[in-house]
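[1] Sharing a sequence plus its predicted fold:
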Amino acid sequence: MNGKLNEERRIKILKELQNFYNKDFTFSSGRILGSMCTQPHSIAKEAYIKFLETNLGDPELFPGTKEMETKLLSFIMDLLNAPKSSAGLICSGGTESNITAIWMSKKLTGKSEIIVPESAHFSFEKIGSLMNTKLVYIPLNKEYFMNTSELKKMISKDTAAIIGIAGSTELGTIDPIPELSEICTDNNIFLHIDAAFGGFVIPFLKELKNNITDFDFQLKGVSSISIDAHKMGYSAIPLGALIIRNKKWLDEISVTTPYISSNKQAGLLATRSGGPVAAAYAVSKYLGREGYKDLIKECMTTTEYAEKRISDIGLNLVIKPTLNVLGIKLKNPSKVVKKLTDFGWKVNKMERLSAIRIVLMPRVTKDIIDNFIPDLEKACREVGEL
Ligand code: 0PR
C-alpha cells in the first residue's frame with residue numbers, strides 16, 4: 001500500500017474512532033456523578049502510553065517494568081500496614097482481587113463456604129458461580145453494615161472465609177472489621193477485606209478524622225485486602241491489587257510455567273500490560289501520601305457540602321456518609337434517574353436501597369454540585385418525589 005493510501009486509511013479510522021468516542025459520556029464534562037472511576041491524573045496517561053507494549057507475564061523481557069510493579073506494591077503494602085511476611089499481586093480490579101483471595105482461602109482451608117454481608121459487591125456472586133462456592137449472606141444492621149451477631153450464628157465447619165467490606169459499593173460503609181478480626185482469629189478463619197473503593201480513602205481519612213474504623217493489617221485477623229488504584233487511587237483502568245498477609249500462601253495459587261523465563265506464576269492472569277502499573281506508580285510518586293491526603297480532604301469537604309445542599313431541598317440520605325459516597329433515599333429512584341439523564345446527568349440507581357448514588361470523586365467540585373442540585377430538585381418535583 002502506498003503512503004497516501006495509508007494516510008487516508010489512518011484518517012478514516014481515526015474519524016470512526018472519534019465518532020464512537022463522541023457517543024460516550026466523559027468524566028471531564030463534570031456530568032458523571034455516580035461512577036467510582038475518574039479521569040486519571042495527567043501523569044498516569046503519559047506513563048500508561050510509555051509502557052504500552054510491556055508484558056508483566058514475561059518479566060525476563062521486562063525487568064524494569066517488573067521492578068516498578070514491585071515498588072508500586074510496596075507503596076500499597078505500606079499504606080495498608082502490611083507486615084514483612086506479606087506479598088502482593090497486581091490485578092485488573094476489585095473483581096479479580098476478590099476472586100483470587102477466595103481462590104486462595106479455599107485452597108488453604110479445603111472448605112467451600114464464604115460468609116458475606118448483604119452489601120457485598122456482585123463480584124462475590126461470580127465467585128459463587130465460578131468456584132463452586134456457597135455464599136452465606138449476612139443481613140445488615142440499621143447502620144448498613146454486617147450484623148456480627150447474625151454472622152457468629154452462621155460460622156460453620158465449612159466456612160472458608162469471611163468477607164468484610166471497607167467502603168461498600170452502594171453507601172461507602174465500613175463493616176466492623178476490628179470485631180471481624182477477633183472473630184476470625186478466635187475461630188481460625190481467613191478474613192478477606194474488600195477495600196476496592198475504601199483502600200485509597202480510609203488510610204488518609206484516618207489521619208484527618210477520629211472514629212474511622214480500622215480495616216488493615218494492623219488487625220491481626222485480617223488475612224488479605226483488595227484495593228483499587230483505578231477507583232480512588234486516581235489512576236487508569238485496570239489496576240487493582242490483592243495484598244496477602246503471608247507470602248507463602250502464594251504457593252496455593254501458583255503454577256509452574258515450563259516455557260517462560262520465570263518458573264512459577266501466581267494469580268489468575270498471565271499476559272498483563274505494564275501500562276496501568278506505570279500509571280499507578282507515576283501517580284503514587286507524583287502525589288505521595290500527602291497528595292492523596294489533600295485529595296481525600298477535598299472529596300470529604302465536597303461530600304459534606306453536597307450532603308447539606310441535598311437536605312436543604314428536602315431530600316433524605318439513606319445514612320450519614322462515612323466516605324465520599326452519598327445515597328439519596330427516594331420512592332422511585334428509576335424515575336428520578338431517567339429525568340436526571342434527560343437533564344444530562346449520570347447517577348446510579350440502587351434499587352435494593354430505593355436510592356440513588358453519588359460518588360464525590362476528586363473531579364466532582366462544589367461548582368458541579370451547585371449545577372446539579374437545581375436539576376435534582378426539578379427532577380424530583382416532576383416525578384412527585386418532592
Ligand atoms: N468491590 C467493591 C467494594 C466495589 O465497589 C467494586 C466495584 C468491586 C469490588 C469490583 O471492582 P471492579 O469493577 O474493579 O472489578 N464497584 C463499582 C460499582 O459497581 C464499579 C464501577 C466503577 C461501576 C465505575 C461503574 C463505574 O462507572 O459501582
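    Thanks, I have the structure now. Please read all numbers here as calculations on a predicted model, not as lab measurements. Residues are numbered from 1 along each chain as shown.

[2] List, one by one, the residues from the stretch 201-350 of the chain near the ligand.
    Asp228, Gly240 (C-beta under 6 Å from any ligand atom). (C-beta placed from N, C-alpha, C; glycine too.)

[3] In stretch 370-386, which residues are buried?
    For stretch 370-386, a neighbour-count test (16 or more other C-beta atoms under 10 Å) marks Phe372, Ile373, Leu376, Glu377, Ala379, Cys380, Val383, Glu385 as buried.

[4] quick one: the third one is in a strand?
    No - if the criterion is DSSP: H, G, I helix; E, B strand; the rest coil, then Leu376 is helix and not within a strand.

[5] wait, it sits on Ser311?
    No - counting by C-beta atoms under 8 Å, Leu376 does not reach Ser311; the two are 12.0 Å apart.

[6] Need phi/psi at Ile177.
    With angles defined as degrees, to the nearest 10, Ile177 sits at phi -70, psi -40.

[7] For the stretch 1-150 of the chain, give me the ranges with low pLDDT.
    1 (pLDDT under 70).

[8] Now do the strands in it.
    87-91, 113-117, 134-138 (DSSP state E, counting those that start in this stretch).

[9] which parts of the stretch 51-200 of the chain sit against the ligand?
    Gly93, Gly94, Thr95, Asn98, His121, Ser123, Ile165, Thr169, Asp194, Ala196, Phe197.

[10] Please list all residues in contact with the fourth one.
    Listed by C-beta atoms under 8 Å, 6 or more residues apart in numbering, the contact set of Asn98 reads His121, Ser123, Phe124, Ile127, Ile163, His192, Asp194, Ala196, Ser226.

[11] What sits closest to it if chain neighbours are left out?
    Ser123 (4.7 Å; C-beta to C-beta, 6 or more residues apart in numbering).

[12] The one you found: how many residues sit nearby?
    By other C-beta atoms under 10 Å, the residues close to Ser123 number 19.

[13] And for the one 10 residues further on?
    When neighbours are counted by other C-beta under 10 Å, Thr133 registers 20.

[14] do the same with Ala82
    23.

[15] and it, what does it touch?
    Residues in contact with Ala82 (C-beta under 8 Å, 6+ apart) are Gly88, Asp216, Phe217, Ile243, Arg245.

[16] nearest to Gly327, of those?
    Checking these against Gly327 by C-beta to C-beta gives Asp216 as the nearest, at 24.9 Å.

[17] Please convert the buried members of the contacts of Ala82 into ChimeraX selection syntax.
    Selecting only the buried entries of those in ChimeraX, with 16+ other C-beta under 10 Å as the criterion:
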select :88,216,217,243,245
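
[18] Using CSV, lay out the contacts of Ala82 together with secondary structure.
    Shown next, in CSV, are the contacts of Ala82 (three-state DSSP):
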residue, secondary structure
Gly88, strand
Asp216, coil
Phe217, coil
Ile243, strand
Arg245, coil
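
[19] pretty sure Ile165 is in a helix, no?
    No - assessed with three-state DSSP, Ile165 is strand; it does not lie in a helix.

[20] what's it in contact with, if anything?
    Counting by C-beta under 8 Å, 6+ apart, Ile165 has contacts 117, 119-121, 145-146, 173-175, 193-195, 198.

[21] Now do the domain split for the chain, please.
    Domain assignment for the chain by automatic domain parsing gives 26-40+288-382, 43-284.

[22] from the ones you listed, which stretch is densest packed?
    domain 43-284 (a mean of 20; mean count of other C-beta atoms under 10 Å).

[23] returning to what we had before: which of the contacts of Asn98 sit farthest apart?
    Across the contacts of Asn98 (C-beta to C-beta), the longest gap, 13.7 Å, separates Ile127 and Ala196.

[24] Now do the host helix or strand of Tyr305, average pLDDT.
    Secondary structure assigned from DSSP states H and E places Tyr305 in helix 275-312. Averaging pLDDT along helix 275-312 yields 98.

[25] try stretch 336-353
    Averaged over stretch 336-353, pLDDT sits at 96.

[26] Send me stretch 53-66 as CSV with only the CA atoms.
    What follows is stretch 53-66, C-alpha atoms only, in CSV (Å, rounded to 0.1, in the frame of the first residue of the first chain):
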residue,chain,number,x,y,z
GLU,A,53,4.0,-2.8,24.8
THR,A,54,5.3,-4.3,28.1
ASN,A,55,4.0,-7.6,29.5
LEU,A,56,4.3,-8.5,33.1
GLY,A,57,3.5,-12.0,32.3
ASP,A,58,7.1,-12.3,30.9
PRO,A,59,9.2,-10.5,33.5
GLU,A,60,12.5,-11.6,31.9
LEU,A,61,11.8,-9.4,28.9
PHE,A,62,10.6,-6.5,31.1
PRO,A,63,12.7,-6.5,34.3
GLY,A,64,12.3,-2.7,34.6
THR,A,65,8.6,-2.9,34.5
LYS,A,66,8.7,-5.8,37.0
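
[27] what residues does it touch?
    Outside of stretch 53-66, the residues within contact range by C-beta under 8 Å, 6+ apart are 51, 69, 90, 260-262, 265, 269-275, 277-278.

[28] chain center to it: distance?
    Offset of stretch 53-66 from its chain centre (C-alpha atoms, centre = their mean, to the nearest Å): 25 Å.

[29] repeat for stretch 113-125
    15 Å.

[30] can you list contacts of that stretch?
    94-95, 98-99, 102, 105, 127-128, 133-140, 144-146, 151, 154-156, 158-165, 168-171, 173, 175, 194, 196.
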